[in-house]
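have a look at this fold, sequence not included:
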Ligand SMILES: Nc1ncnc2c1ncn2[C@@H]1O[C@H](COP(=O)(O)OP(=O)(O)OP(=O)(O)O)[C@@H](O)[C@H]1O
């Protein structure tokens, strides 16, 4: 098991948002977490990624406890978080955005550029463009490529298709499919047709609790069969 989350309780102040959440993830798997707005999906990713500490429960990564350890240490262990907000360093060029990621991980700029070009060759023609001029889809691709710099072992991807046009969503799904099996991923998604194409396993989150786990490929591919569980 690459990641084991056991009985996680997480609070913002006095408000408890996650209640006894447990999740396991094998190496190479792509697991989707689905649920309505406010269900607690982002909070779960933030807790795994070291941005928040649980009030109780544990997070184990490669057999080591990582809950409550400093964020930089979690990142160094090979867990990267792709934020929901699609924020890049907009005044910097694509190349400079990658340079920052390269610097932070000790990889060379060439290696960092190669990572993003490998998932989306067109990015090679945009290296000198300011990131603020990128489309929403290109920005998301830059963020995913940037997260791959340093060769993480686990990628936490928060709503990668949110706010994007259907044709771009298709491109993002193709990129995630290309990465599948090479890197283990937890992807939070509200768009069930995206989930149907991507997921090996699905957790349905409702009001801070995992209400269902779906591991049958046929069921996953037929989202209308589980949309009423959201
Ligand atoms: N910083 C915060 N302080 C207080 N409450 C918060 C904070 N962030 C989130 N919450 C609350 O925690 C609950 C879960 O939020 P979370 O963002 O994890 O849900 P989500 O399933 O990811 O939803 P979304 O799709 O809207 O991002 C919500 O009720 C939200 O209002």
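Yep, it's here. In this text, all values refer to a predicted model and were calculated from it rather than measured experimentally.

how many residues are close by residue 157?
Using other Cβ atoms under 10 Å, residue 157 has 27 other residues around it. Yep, even glycine has a C-beta here, placed from its N, CA and C like the rest.

wait, what's in contact with it?
Counting by Cβ atoms under 8 Å, 6 or more residues apart in numbering, residue 157 touches 82, 144, 176, 185-188.

what does residue 226 give?
Contacts of residue 226 by Cβ under 8 Å, 6+ apart are 192, 202, 204, 212, 214, 219.

any residue of the one helix or strand the second one maps to touching the ligand?
Take DSSP states H and E as the rule and residue 202 turns out to sit in strand 201-206. No - judged by Cβ under 6 Å from any ligand atom, strand 201-206 makes no contact with the ligand; its nearest approach is 6.6 Å.

get me the contact residues on this protein for the ligand.
Checking the chain against the ligand by Cβ under 6 Å from any ligand atom, the hits are 12, 15, 17, 35, 37-43.

will you turn those into TSV that also has pLDDT?
Below are these laid out as TSV (pLDDT from 0 to 100):
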residue	pLDDT
12	97
15	97
17	98
35	95
37	93
38	94
39	96
40	97
41	97
42	96
43	97
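
for PyMOL, write the select line for the buried members of those residues.
Only the buried entries of these go into this PyMOL selection, using 16 or more other Cβ atoms under 10 Å:
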select buried, resi 17+35+39+40+41+42+43
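
in strands, which of the residues of the chain next to the ligand appear?
12, 15, 17 (DSSP state E).

okay, those in JSON lines with distance to residue 100 next?
Listed next are those as JSON lines, based on distance: Cβ to Cβ, whole Å:
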{"residue": "12", "distance to residue 100": "30"}
{"residue": "15", "distance to residue 100": "34"}
{"residue": "17", "distance to residue 100": "31"}
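
out of the residues of the chain next to the ligand, which comes closest to residue 100?
Nearest to residue 100 among those, counting by Cβ to Cβ, is residue 42 at 23.5 Å.

just checking, that closest one touches residue 158?
Yes - Residue 42 sits in contact with residue 158 when judged by Cβ atoms under 8 Å, with a separation of 5.7 Å.

overlap in contacts of these two?
Shared contacts of residue 42 and residue 158, defined by Cβ under 8 Å, 6+ apart, comprise 84, 188.

helix/strand/coil for residue 123?
Of the three states, residue 123 takes helix under DSSP: H, G, I helix; E, B strand; the rest coil.

mind listing the strands for the chain?
3-12, 15-25, 30-34, 56-61, 64-65, 79-82, 154-158, 184-189, 201-206, 209-214.

report the angle between the fourth one and strand 15-25.
When you say that, I think you mean strand 56-61. Strand 56-61 and strand 15-25 are oriented at 30 degrees to each other (axes from the mean of the first three to the mean of the last three Cα atoms, to 10 degrees).

centre of the chain to strand 56-61, how far?
18 Å (Cα atoms, centre = their mean, to the nearest Å).

next, the buried residues of it.
57, 59-61.

and that strand, which strands flank it?
Strand 56-61 has its sheet partners listed here by DSSP bridges as strand 3-12 (antiparallel), strand 64-65 (antiparallel).
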